[in-house]
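Need coordinates for the below:
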Amino acid sequence: RGAIVVGMDPYRAVITASSFYLIVPAGGEDMVEDITERLRARAEGGDELPFVLRALDCALHTVLDSYCTHAQVFALSAESITATVRSVISSEHLQSLYLLRDRVGALRHQANGALLAMETLHDEIDKLW
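Numbers count the residues shown, from 1 in each chain. Sure, this is the predicted structure:
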């Protein structure tokens, strides 16, 4: 009777009233475990929300966690590049820094979109209950 389609790079999912279909990108197998664990914990915790809302919330939390992990990796890369640039500035190092800056900007854009979706979901849940 309807479905929610979730598209947050690089993850895709379709959520129905009773099912959760996840398209897992290469190397993203941990996401399946994270979502399954979150759904199970919420069900066992007596969460009274409909499955579709629980699944969407779990998907959004998992994606935001993934974005945070990527941000931490980027921060470590930035520290390493910055240390190298301080000692010897070359066009190759500057190019690496520009690439990292673009990646961080794209990740920030993705994270903001996911955060907005989560806030909207929580607002809708509050209206229902």
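
Ramachandran coordinates for residue 88?
phi -150, psi 120 (degrees, to the nearest 10).

so how many other residues sit close to it?
When neighbours are counted by other C-beta atoms under 10 Å, residue 88 registers 7. Backbone N, C-alpha and C define where each C-beta goes, glycine included.

Retrieve the pLDDT associated with it.
Among the per-residue scores, residue 88 holds a pLDDT of 74.

ok, it to residue 40 distance?
Noted for residue 88: a distance of 51 Å to residue 40, by C-beta to C-beta, to the nearest Å.

repeat for residue 5
Separation of residue 5 from residue 40 (C-beta to C-beta): 23 Å.

Kindly report the same for residue 54.
For residue 54 relative to residue 40 (C-beta to C-beta), the value is 10 Å.

Compare those two and say which is more crowded by neighbours.
residue 54 (19 against 11).

ok, and the closest non-adjacent residue to that one?
Spatial nearest neighbour of residue 54, excluding adjacent residues (C-beta to C-beta, 6 or more residues apart in numbering): residue 42 at 5.2 Å.

which residue ranges form the strands in the chain?
Applying DSSP state E to the chain gives strands spanning 4-8, 11-15, 20-23.

Quick one: closest of those to residue 49.
Each of the strands of the chain has some distance to residue 49 by C-beta to C-beta; the shortest is strand 11-15, at 12.5 Å.

partners of the closest one, with directions?
strand 4-8 (antiparallel), strand 20-23 (antiparallel) (DSSP bridges).
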